[in-house]
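**Q** just coords:
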């Protein structure tokens, strides 16, 4: 028994020495808990903040402007975008530029005097949690609003009409019943593709290195870009099959079919898949063992899910964290895919996310071209 313990301790000492000199592994051990602490402690929040919204003020009176000012002063909303028509406000919701549209009727000031003020709020229900929170905040602000506040201050003894709380009539677009499953099903393909792309390709070059054929592969009469594209092509086919696996069962068994064109969704999927596969390949070029590759890919997947907005609304994140998520391909793909699947968006509505994904893939190819050079040792 004593000899067995000595053998175990000897092997443990040897393994500890290997880990001690594995700088990338030790760095991730330090960085990972800190990054997760920041993400889960600061980034993930369901409290509305920096909410983009618009106002259709048909009343254009002091009372309606005071209501808008109180909503902006609450700290939850960005400065309101003033729209000139109902259709313009709906277009902002459809394109994802705003989450809420406040409509103030022409008779708002008159209804205040009668004690029955009413406003309409149109909310983007594609994200049920965000819509419900924002609707609740607006209803709370409207209930506490006093349209006669300035008059009471200037004339404290004046007899003013008693005004009840403003009645907020809410209407949810794209998801009238606020079904949570629609929000997650619309991003199911994006999450599956991210997991597949990063996990599979992270082992691509490491396998060559561990089998001893890495330098031999780089010495072939092919460029680094050709090698990368050749390795990625089979995975692209697999990724499209994964998208179909995510879409078809959801439609057959849950009745959730994309409202937009599936062909357009496939077009947007291509640059995302290539960019994600490129990131996995780049991770593979940085490490020397399969264990390191898997460790780094998992470390990259979790922040992608949280910061991109597929699981929690990125509009509610702090400014710095929200902008940080913009460097992730998943952020732009989930925007494009949700617009197509939930809103029935056309090619013009997803042109910007698609262009960003193409630029990301081009940048990753340049990094891989620099990284993949024949080197010994």
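**A** Yep, it's here. Every value quoted in this text rests on a predicted model; they were computed, and no experiment measured them.

**Q** could you pull out the helices for the stretch 151-300 of the chain?
**A** 180-185, 188-201, 204-211, 214-218, 224-254, 262-286, 290-308 (DSSP state H, counting those that start in this stretch).

**Q** and those as JSON lines, adding mean pLDDT and distance to residue 101?
**A** Where C-beta positions appear, they are placed from N, C-alpha and C, glycine not excepted. Shown next, in JSON lines, are the helices of the stretch 151-300 of the chain (pLDDT from 0 to 100; distance: least, Cβ to Cβ, whole Å):
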{"stretch": "helix 180-185", "mean pLDDT": "80", "distance to residue 101": "20"}
{"stretch": "helix 188-201", "mean pLDDT": "85", "distance to residue 101": "27"}
{"stretch": "helix 204-211", "mean pLDDT": "68", "distance to residue 101": "47"}
{"stretch": "helix 214-218", "mean pLDDT": "62", "distance to residue 101": "56"}
{"stretch": "helix 224-254", "mean pLDDT": "84", "distance to residue 101": "29"}
{"stretch": "helix 262-286", "mean pLDDT": "90", "distance to residue 101": "26"}
{"stretch": "helix 290-308", "mean pLDDT": "79", "distance to residue 101": "25"}
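
**Q** Can you redo those as a markdown table, where the extra columns are distance to residue 121 and mean neighbour count?
**A** A markdown table is the format used below for the helices of the stretch 151-300 of the chain (distance: least, Cβ to Cβ, whole Å; neighbours: other Cβ atoms under 10 Å):
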| stretch | distance to residue 121 | mean neighbour count |
| --- | --- | --- |
| helix 180-185 | 19 | 17 |
| helix 188-201 | 29 | 22 |
| helix 204-211 | 50 | 18 |
| helix 214-218 | 59 | 15 |
| helix 224-254 | 29 | 15 |
| helix 262-286 | 30 | 22 |
| helix 290-308 | 27 | 19 |
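
**Q** among the ones you listed, which is nearest residue 82?
**A** helix 180-185 (29.1 Å; Cβ to Cβ).

**Q** which phi and psi does the residue nearest the centre of the chain have?
**A** Ranked by distance to the mean C-alpha position of the chain (Cα atoms, centre = their mean), the top residue is residue 309 at 2.2 Å. The phi/psi pair for residue 309 (degrees, to the nearest 10) reads phi 100, psi 10.

**Q** With residue 105 instead?
**A** phi -70, psi 160.

**Q** count of neighbours near it?
**A** 17 (other Cβ atoms under 10 Å).

**Q** Check residue 94 too.
**A** Residue 94: 17 surrounding residues under other Cβ under 10 Å.

**Q** Check the burial of the residue lying closest to it once chain neighbours are set aside by counting its neighbours.
**A** In space, and not counting its chain neighbours, residue 94 is closest to residue 343: 5.8 Å by Cβ to Cβ, 6 or more residues apart in numbering. Neighbour count of residue 343, defined by other Cβ under 10 Å: 21.

**Q** Next, the contact list for residue 343, please.
**A** Applying Cβ atoms under 8 Å, 6 or more residues apart in numbering to residue 343 gives the contacts 94, 96, 126, 174, 259, 260, 349.

**Q** related to what we said a few turns ago, could you export the helices of the stretch 151-300 of the chain as JSON lines, including distance to residue 137?
**A** As requested, those are exported to JSON lines (distance: least, Cβ to Cβ, whole Å):
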{"stretch": "helix 180-185", "distance to residue 137": "19"}
{"stretch": "helix 188-201", "distance to residue 137": "28"}
{"stretch": "helix 204-211", "distance to residue 137": "47"}
{"stretch": "helix 214-218", "distance to residue 137": "56"}
{"stretch": "helix 224-254", "distance to residue 137": "31"}
{"stretch": "helix 262-286", "distance to residue 137": "33"}
{"stretch": "helix 290-308", "distance to residue 137": "23"}
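
**Q** where do the strands sit along this structure?
**A** Ranges of strands in the chain, per DSSP state E, are 53-57, 81-82, 100-104, 118-124, 167-173.

**Q** which one of the ones you listed lies closest to residue 326?
**A** Of all the strands of the chain, it is strand 118-124 that lies closest to residue 326, at 19.7 Å by Cβ to Cβ.

**Q** helices and strands around the closest one, which ones?
**A** In this structure, strand 118-124 packs against helix 86-94, strand 100-104, helix 108-114, helix 128-144, strand 167-173, with contacts taken as 3 or more Cβ pairs under 8 Å, 6 or more residues apart in numbering; DSSP states H and E.
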